[in-house]
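Trainee: Sequence and computational prediction follow.
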Amino acid sequence: MKVPVWLSIVAGFATILGTFIAVHKFVIRRPRVQLAPEVNEGVRIDEQVVGTFSFDLANNGYSHAEDVYLEISLPSWNFNERDWSDSAISFSDSIVDVEHENDGYVGASGERHRIWVTDMLHSKSSFDFITASVRLEEFREYTVHYRIGCRSYSPREGEITIQSKYDGFEITHHPPRFHHAWIGQFITSIQEGFSWILSNTLSISHAQIEESGIITSRKSFFEFQGFPIVVVDTLYRDQEPLSVKLKGTISTDTGDILGTIKLTANSVKPGDRWIATPTNLHSYASSSLPATSDYQAFSKMPLRLDPTIPPYLYNPEHQISISWEAEIDHPEKGDMRGIEINQSSLEVREFRDSTLAKLTINIQNENHSSKSFFVVGRLYTSTGLLIDTPTQHVVLDELESKELHISTRLPEVIQPPEDMEIALQRTQSSSVENFDV
């Protein structure tokens, strides 16, 4: 049966009309919630620029917004002209009702705030919302990241850039873009699809275990000492440093679980090959151990492989194995401008049955405000293998210079370090995944 021409035309117009209705309903008639920043005139104090920002909560869309959620991360630079023990932001005297919680970063300055708005925000409305004080170094660019959403859509990311001048500020707002979220979802779908199709050749992991084993040495007629050795490859998915965590489960050949071991490397460069083994052996007497077990022989390093002590294995050197799992995290580098490493050196010497590596670092804070961060030493063998990342938290007052000494003891079963690199980072792990920088 032939379809009449007029019916085809009507169907075509109906399709076009339906498309316009869908676009109007799901794209145009939507809320657009965002922070709208304003800044007062800055004041120059002690070679810094001091001022107050205000952030309005605005709905610039064409529909009302309900159940608004806002997450704002205040970075490591001074987002507060007062003492850090005070809150860095405060809520304006506004008619908007909110629920609020915040937490700080372990070992470093800065805060993350989560805010829920219980009121409905009507289309084209704006409310006084947050005020915050800043004390910034002159002639620098700073960035505040936030994430905001509502019942109509999941949180989108926005960015506020602050350019400090001699005695003032210039502020630029990059509000959330809806097409960024759609593109991100599309890319994620493609990656997941390829990971199913090419599961053996395409990996979305940043670290993978290449091989593992236990190196043993005889201590007496019965007893052997065992050191677990794990070779971890970190992949070139991006250039951001990684925190790599290994968890090893010690078991017998019959499947009985004897204990667990945890190993960590900080600020690992993607592409580094990490030869992981327990380090810092001198601290075991005074701190909790990396191995947890009901059996004393497997409660500390090195492992005691002895058939005369529990669990009374006939040949423990060959009857136990360790299965490993690798997890990665992205520590936050933070704002390290004005932090200078003036000098660093590495001293290596033999110490009993181990190798003592001592890093000496002279570091200087050229900022007019205090800084809190972690100093990480990457220790490499002569062949470029990463063997340890000793870490120390440091606080530098304004314009202060300090000499640090970071030591670690390495088992004699691995090659001693001959080269080192120094890395600075704000946190040991990511406080806001894929959000704060």
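Mentor: Thanks, I have it.
Trainee: Pull the number of nearby residues for the residue nearest to residue 45 when sequence neighbours are not counted.
Mentor: The shortest distance from residue 45 to any non-neighbouring residue, by Cβ to Cβ, 6 or more residues apart in numbering, is to residue 135 (7.7 Å). The C-beta positions use only the backbone N, C-alpha and C, and glycine is treated the same way. The number of residues packed near residue 135 is 19, by other Cβ atoms under 10 Å.
Trainee: same question, the one 3 residues further on
Mentor: For residue 138, the neighbour count with other Cβ under 10 Å is 15.
Trainee: residue ranges with poor pLDDT in the stretch 201-350 of the chain?
Mentor: 201-205, 237-238, 281-290 (pLDDT under 70).
Trainee: residue boundaries of the helices in it?
Mentor: Assigned by DSSP state H, counting those that start in this stretch, the stretch 201-350 of the chain shows helices spanning 316-319.
Trainee: Same question for the stretch 51-200 of the chain.
Mentor: Counting by DSSP H, counting those that start in this stretch, the helices of the stretch 51-200 of the chain are 178-197.
Trainee: shouldn't the residue nearest to residue 45 be in contact with residue 369?
Mentor: Yes. Using Cβ atoms under 8 Å, residue 135 makes contact with residue 369 at a distance of 6.5 Å.
Trainee: and residue 402, bridged to which residues?
Mentor: Legend: beta-bridge partners of residue 402 under DSSP bridges are residue 363.
Trainee: meant to ask about residue 359, not that
Mentor: Beta bridges link residue 359 to residue 346, residue 406, judged by DSSP bridges.
Trainee: And residue 218, by the same measure?
Mentor: The partner residues for residue 218, given DSSP bridges, come to residue 224.
Trainee: Quick check: it vs residue 225, distance?
Mentor: 8 Å (Cβ to Cβ, to the nearest Å).
Trainee: again, but for residue 363
Mentor: Counting by Cβ to Cβ, the gap from residue 363 to residue 225 is 37 Å.
Trainee: which ones are touching the spatially closest residue to residue 380 that is not a sequence neighbour?
Mentor: Of all residues not flanking residue 380 in the chain, residue 419 sits nearest, at 4.4 Å (Cβ to Cβ, 6+ apart). Contacts for residue 419 (Cβ atoms under 8 Å, 6 or more residues apart in numbering) come out as 346, 379-382, 384.
Trainee: Closest one of those residues to residue 401?
Mentor: residue 346 (20.2 Å; Cβ to Cβ).
Trainee: which outside residues touch stretch 158-172?
Mentor: Counting by Cβ under 8 Å, 6+ apart, 34-35, 37-39, 41-44, 49, 51, 53, 134, 136-148, 173-176 sit against stretch 158-172.
Trainee: Which ChimeraX command selects the buried ones in those?
Mentor: Restricted to buried positions by 16 or more other Cβ atoms under 10 Å, the ChimeraX selection for those reads:
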select :34,35,37,39,42,49,51,53,134,136,137,140,142,144,145,146,147,148,175,176
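Trainee: Strands - which of the contacts of stretch 158-172 land there?
Mentor: Using DSSP state E, the subset of these located in strands is 34-35, 37-39, 43-44, 49, 51, 53, 134, 136-137, 141-148, 173-174.
Trainee: where's stretch 421-428 relative to the chain centroid, distance-wise?
Mentor: Stretch 421-428 sits 11 Å away from the centroid of its parent chain (Cα atoms, centre = their mean, to the nearest Å).
Trainee: In terms of secondary structure, what does the helix or strand hosting residue 395 contact?
Mentor: In the assignment (DSSP states H and E), residue 395 maps to strand 391-396. If contacts are counted by 3 or more Cβ pairs under 8 Å, 6 or more residues apart in numbering; DSSP states H and E, strand 391-396 sits against strand 354-365, strand 371-380, strand 401-411.
Trainee: Show me what the helix or strand just after the second one is packed against.
Mentor: In the C-terminal direction, the helix or strand that comes right after strand 371-380 (DSSP H and E) is strand 386-388. In terms of contacts (3+ Cβ pairs under 8 Å, 6+ apart), strand 386-388 is packed against strand 257-268, strand 273-276, strand 371-380, strand 401-411.
Trainee: Try it again at 10 Å.
Mentor: Packing contacts for strand 386-388, counted by 3 or more Cβ pairs under 10 Å, 6 or more residues apart in numbering; DSSP states H and E, involve strand 257-268, strand 273-276, strand 354-365, strand 371-380, strand 401-411.
Trainee: and that strand, what's its mean pLDDT?
Mentor: Across strand 386-388, the average pLDDT comes to 95.
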